[in-house]
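Student: quick one: sequence and predicted model below, then my questions.
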Amino acid sequence: MATESVKLWKTTIAGLELFEAQLFQHRFGKHFHGAYTIGLNEGGRGKCQHQKETHYHYPGSFNCINPGDVHTGAADSEDGWAFRNLYIDSNAIDNLLTQLDWPAHTLPRFSNIVVDDPHLVPVFHQVFTAVKEKTASSLEKQSLLLYFFSQLFFRHAQTPHSLREPKPEPKAIALTRQYIEAHCTEPISINQLADLANLNPYYLIRCFHQQVGLPPHSYKKQCQVLQAKQAIHTEMPLADVATKYGFYDQSHLNRIFKRTFGLSPGRYRKVNSV
C-alpha cells in the first residue's frame, strides 16, 4: 500500500502555517479553518464537497477557501493526491492588506474554490520555499508574500478597488537604495523602507523594481554578495565572511556567490591568490 504523509508546522511569520500532504486513503470529514486556506495541487487528483457542490483538484490548480467555509477533502485517483497549503489567519491578512492599500475593514472573499492561474504556480513555490527555509531574509519573505497575495486577491477574489500603477519616484528610490547599501548586512523590513521612502510598502516594491530592475530584497542580496566578494581577497575564513556579511552560513554564501559569479567563493579565492 502506498505511504501517506502529512506535515503541518508553524513559521517565523505570525499567523502563517505550512502544510504538505500526500494522500491515498485518508478522508477529511466536514470541517472548516479559522484561517484562509491557499493550496496548490501538485500530483494526482483530489475532490471536496463545498457549498453542496463537488469540486475536483487537478495538478497546477489552486484551492482557495475562505475562513469558516465548511468543506471536505479526499484523494480521487489511483495516484493519490499531493498538495501544499498556506494557512494564513485574518490578522496576518489584515497586515498584508494594509501594505497593499486595501480599504480598511474589508477582507477579500473567494467565490470559486478552485482557481487556475499558471502564472502564480512558480510564485507559490517561491513563497513556500522562502518561508520554509532558514536562509531567506525577512525582507525576502515579506516581499514574496506581498506579491503572491496581491496577485491572488486582485485577480481572483472579490475586490473593492484595483492596484495603482507605479510612477517615477526618484527621490524615494534613491533614499531606499542608499539605505539598503549602507545596511545590507543587517535585517531590514519592508516597513522600515516604506517609512523611509514615505510610500506604501507594496507600492514601494513595485516602484523600486520598475526603476532599479530588481525588487528591494534582491538588491539587498546583491549588495551583500558584492561586499563578501571584496572580503574574500583577505585572509578571513569563508565561514566568517558569510556571517559578517549577513548570510545564514557558509553554504548559503556559496550558493548565492556561485549563482551570481559562476564559481564558488573558495574557487574564486584560489584563482585570485598570488
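Tutor: That came through, no problem. Numbers count the residues shown, from 1 in each chain.

Student: counting neighbours, what do you get for the closest residue to Glu181 other than its chain neighbours?
Tutor: Distances taken as Cβ to Cβ, 6 or more residues apart in numbering put Cys223 closest to Glu181, at 5.4 Å, once the chain neighbours are dropped. Where C-beta positions appear, they are placed from N, C-alpha and C, glycine not excepted. Residues near Cys223, counting by other Cβ atoms under 10 Å, number 19.

Student: contacts for stretch 109-123?
Tutor: Outside stretch 109-123, the residues that touch it by Cβ atoms under 8 Å, 6 or more residues apart in numbering are 40, 48, 50, 55-57, 60-66, 69, 71, 144, 147-148, 151-152, 155-158.

Student: what residue is smack in the middle of the protein?
Tutor: Among the residues of the chain, the one closest to the centroid is Val127, at 2.4 Å (Cα atoms, centre = their mean).

Student: so which strand or helix has that one?
Tutor: helix 120-132 (DSSP states H and E).

Student: centre of the chain versus that helix, how much separation?
Tutor: Remark: helix 120-132 is offset 5 Å from the chain centroid, using Cα atoms, centre = their mean, to the nearest Å.

Student: which of the residues in that helix are buried?
Tutor: Leu120, Val121, Val123, Phe124, Val127, Phe128, Ala130, Val131 (16 or more other Cβ atoms under 10 Å).

Student: what about the last one, distance to Thr260?
Tutor: Meaning Val131. Noted for Val131: a distance of 23 Å to Thr260, by Cβ to Cβ, to the nearest Å.

Student: with the fifth one instead?
Tutor: As judged by Cβ to Cβ, Val127 and Thr260 stand 22 Å apart.

Student: could you give the secondary structure assignment for Val241?
Tutor: helix (DSSP: H, G, I helix; E, B strand; the rest coil).

Student: with adjacent residues omitted, what lies nearest to it?
Tutor: That would be Ala231: by Cβ to Cβ, 6+ apart, it lies 4.8 Å from Val241.

Student: confidence score at that neighbour?
Tutor: With respect to pLDDT, Ala231 has a value of 92.

Student: do Val274 as well
Tutor: 45.

Student: inside strands: which ones of the contacts of stretch 109-123?
Tutor: 40, 48, 50, 55-57, 61-65, 71, 157-158 (DSSP state E).

Student: how about JSON lines for those residues, with pLDDT and distance to Ala104 added?
Tutor: Below are the ones in strands among the contacts of stretch 109-123 laid out as JSON lines (pLDDT from 0 to 100; distance: Cβ to Cβ, whole Å):
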{"residue": "Leu40", "pLDDT": "97", "distance to Ala104": "30"}
{"residue": "Cys48", "pLDDT": "94", "distance to Ala104": "32"}
{"residue": "His50", "pLDDT": "90", "distance to Ala104": "29"}
{"residue": "His55", "pLDDT": "95", "distance to Ala104": "32"}
{"residue": "Tyr56", "pLDDT": "95", "distance to Ala104": "37"}
{"residue": "His57", "pLDDT": "95", "distance to Ala104": "33"}
{"residue": "Ser61", "pLDDT": "96", "distance to Ala104": "32"}
{"residue": "Phe62", "pLDDT": "97", "distance to Ala104": "27"}
{"residue": "Asn63", "pLDDT": "95", "distance to Ala104": "28"}
{"residue": "Cys64", "pLDDT": "95", "distance to Ala104": "23"}
{"residue": "Ile65", "pLDDT": "95", "distance to Ala104": "24"}
{"residue": "His71", "pLDDT": "94", "distance to Ala104": "29"}
{"residue": "Ala157", "pLDDT": "89", "distance to Ala104": "16"}
{"residue": "Gln158", "pLDDT": "83", "distance to Ala104": "16"}
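
Student: quick check: the farthest pair among those residues?
Tutor: Tyr56 and Gln158 (23.0 Å; Cβ to Cβ).

Student: secondary structure class for Tyr202?
Tutor: When classified by three-state DSSP, Tyr202 comes out as helix.

Student: renumber starting at 4 from here on
Tutor: Will do, 4 is the new start, and the previous item becomes Tyr205.
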